[in-house]
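Novice: dropping a prediction and its sequence here:
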Amino acid sequence: MPEGDTVWRQARNLHRGLSSRVVRRTRFRVPAYAEIDLGGEKIEGAFARGKHLFLRIGQTTVHSHLLMEGIWHLYGVDSSGQPQRWKRPAFTARAVIEANARLDSTGQVIPDSTPVSAVGFSLGMLDLLPRERELEPVAHLGPDLLGPDWNLNLAVDNLLQAPERMIGPALLDQKNLAGIGTIYRAETLFLTGVDPRTPVGAVPDLPRLVHTAHLLLQANKERPLRVTRTVAEPLWCYGRARRACYRCGATIVREEISDLGLDSEKFGETPHRIATEEDRARLSYRCPGCQVLYT
């Protein structure tokens with residue numbers, strides 16, 4: 001699943017590519033919005049909130065969530081003046097926003113400005129909302145790690161509402177703080193030396209841990225290659241199962257962790273049980289040598 005920095009970059013790219021243009025035509029491949037066309041409306045811009053992306057068009061806001069496979073692409077024209085070919089199959093497109101070339105204050109086309117199209121592929125969620133209700137889908141989220149409303153103290157307070165909860169699942173709960181996914185969770189916990197199974201209330205310096213997550217996302221939001229270590233070996237822990245830890249040499253452990261526990265043990269005597277939406281297991285990585293299980 002894309003993490004907060006990925007969504008932030010896509011919103012930035014859409015904002016740069018579309019803001020101040022006038023829509024020529026829109027196509028939304030969702031039954032509820034299939035007949036809506038925002039042609040003629042001005043595009044005001046785009047922004048991200050946690051892992052949600054918003055595009056303001058006139059008095060309507062296009063809200064999307066990428067979930068696991070979603071992505072937004074921008075397409076211009078090729079050297080012959082023809083629209084660029086899409087890089088993903090057409091049947092995966094859920095939203096197509098065609099925009100005219102940019103105009104100057106006199107209504108003339110700005111030199112070198114050409115029409116563009118924004119295409120949302122494999123979007124996990126797509127809604128059209130009145131501008132005054134655009135933030136309803138994210139009203140439940142905690143402070144956004146990459147947003148103007150970032151509040152370290154509030155994020156820490158949210159986490160401490162359930163001190164007995166494991167810090168691993170708690171960091172992925174977007175109601176506590178918005179933007180962290182499995183990669184930043186693994187790297188944050190490694191860099192702060194905390195085992196993901198540690199209860200929130202037992203974490204020695206919770207503000208430092210949350211601040212580390214904030215620093216990692218801020219440092220990576222402008223670059224496509226996510227780096228917490230070096231460009232050659234970009235990640236300390238995530239994705240390195242059964243390999244030696246760079247720092248201590250211990251073998252990195254990979255497991256599924258959720259509020260019910262780890263791997264198969266989380267289901268206890270009912271191995272057939274299916275985890276609920278609120279208890280989705282997520283891959284977790286840890287170094288048994290560098291990360292301490294506090295109790």
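Specialist: It's in. Residues are numbered from 1 along each chain as shown.
Novice: what residues of stretch 34-51 count as buried?
Specialist: 38, 43, 44, 46, 47, 48, 49, 50, 51 (16 or more other Cβ atoms under 10 Å). The C-beta positions use only the backbone N, C-alpha and C, and glycine is treated the same way.
Novice: and what of stretch 230-248?
Specialist: Going by neighbour count (16+ other Cβ under 10 Å), the buried part of stretch 230-248 is 235, 236, 237, 238, 240, 245, 246.
Novice: okay, how far is it across it, tip to tip?
Specialist: Its first and final residues considered, stretch 230-248 spans 17 Å by Cα to Cα, to the nearest Å.
Novice: now do that stretch: everything it contacts.
Specialist: Stretch 230-248 is touched from outside by 182-183, 186-187, 189-191, 225-229, 250-254, 285-287, 289-290, with contacts defined as Cβ atoms under 8 Å, 6 or more residues apart in numbering.
Novice: go with 7 Å
Specialist: For stretch 230-248, contacts defined as Cβ atoms under 7 Å, 6 or more residues apart in numbering pick out 183, 186-187, 190-191, 225-229, 251-252, 254, 285-287, 289-290.
Novice: just the buried ones from the residues you listed?
Specialist: Neighbour-count burial (16+ other Cβ under 10 Å) applied to the contacts of stretch 230-248 gives 183, 186-187, 190-191, 226, 228, 252, 254, 285-287, 290.
Novice: thinking again about what came up before, export the buried residues of stretch 230-248 as a markdown table, with columns for secondary structure, distance to residue 117 and pLDDT.
Specialist: Formatted as a markdown table, the buried residues of stretch 230-248 follow (DSSP: H, G, I helix; E, B strand; the rest coil; distance: Cβ to Cβ, whole Å; pLDDT from 0 to 100):
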| residue | secondary structure | distance to residue 117 | pLDDT |
| --- | --- | --- | --- |
| 235 | coil | 34 | 97 |
| 236 | coil | 39 | 98 |
| 237 | coil | 39 | 97 |
| 238 | coil | 34 | 96 |
| 240 | coil | 39 | 96 |
| 245 | coil | 46 | 98 |
| 246 | coil | 43 | 97 |
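Novice: adding distance to residue 163, write those out as CSV.
Specialist: Below are the buried residues of stretch 230-248 laid out as CSV (distance: Cβ to Cβ, whole Å):
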residue, distance to residue 163
235, 29
236, 27
237, 25
238, 26
240, 30
245, 29
246, 32
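Novice: which among those residues gets closest to residue 78?
Specialist: Minimum distance to residue 78 across the buried residues of stretch 230-248 is 36.1 Å, recorded for residue 235 (Cβ to Cβ).
Novice: what's near enough to touch residue 112?
Specialist: No contacts exist for residue 112 under Cβ under 7 Å, 6+ apart.
Novice: same deal with the one 4 residues further on?
Specialist: Residue 116 makes contacts with 17, 18, 74, 75, 76, 99, as judged by Cβ under 7 Å, 6+ apart.
Novice: which of those residues fall within helices?
Specialist: Using DSSP state H, 17, 18 are the members of these that sit in helices.
Novice: put the buried members of the contacts of residue 116 into a PyMOL selection.
Specialist: Selecting only the buried entries of the contacts of residue 116 in PyMOL, with 16+ other Cβ under 10 Å as the criterion:
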select buried, resi 17+18+74+75+99
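Novice: I'd like to know which of the contacts of residue 116 is nearest to residue 133.
Specialist: When the contacts of residue 116 are compared for distance to residue 133 (Cβ to Cβ), residue 18 wins out at 21.3 Å.
Novice: ok, now how distant is the closest one from residue 142?
Specialist: Taking Cβ to Cβ, to the nearest Å as the measure, residue 18 and residue 142 are separated by 28 Å.
Novice: any idea how many residues pack against residue 2?
Specialist: 21 (other Cβ atoms under 10 Å).
Novice: now do the SS call for it.
Specialist: Here residue 2 is coil, with the state taken from DSSP: H, G, I helix; E, B strand; the rest coil.
Novice: so what's it closest to, chain neighbours aside?
Specialist: residue 66 (4.8 Å; Cβ to Cβ, 6 or more residues apart in numbering).
Novice: do a quick rundown of the helices in the protein.
Specialist: Under the criterion DSSP H, helices of the chain are mapped to 4-18, 152-159, 167-172, 182-192, 206-220.
Novice: got CSV for those helices, with mean pLDDT too?
Specialist: Shown next, in CSV, are the helices of the chain (pLDDT from 0 to 100):
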stretch, mean pLDDT
helix 4-18, 95
helix 152-159, 98
helix 167-172, 96
helix 182-192, 97
helix 206-220, 97
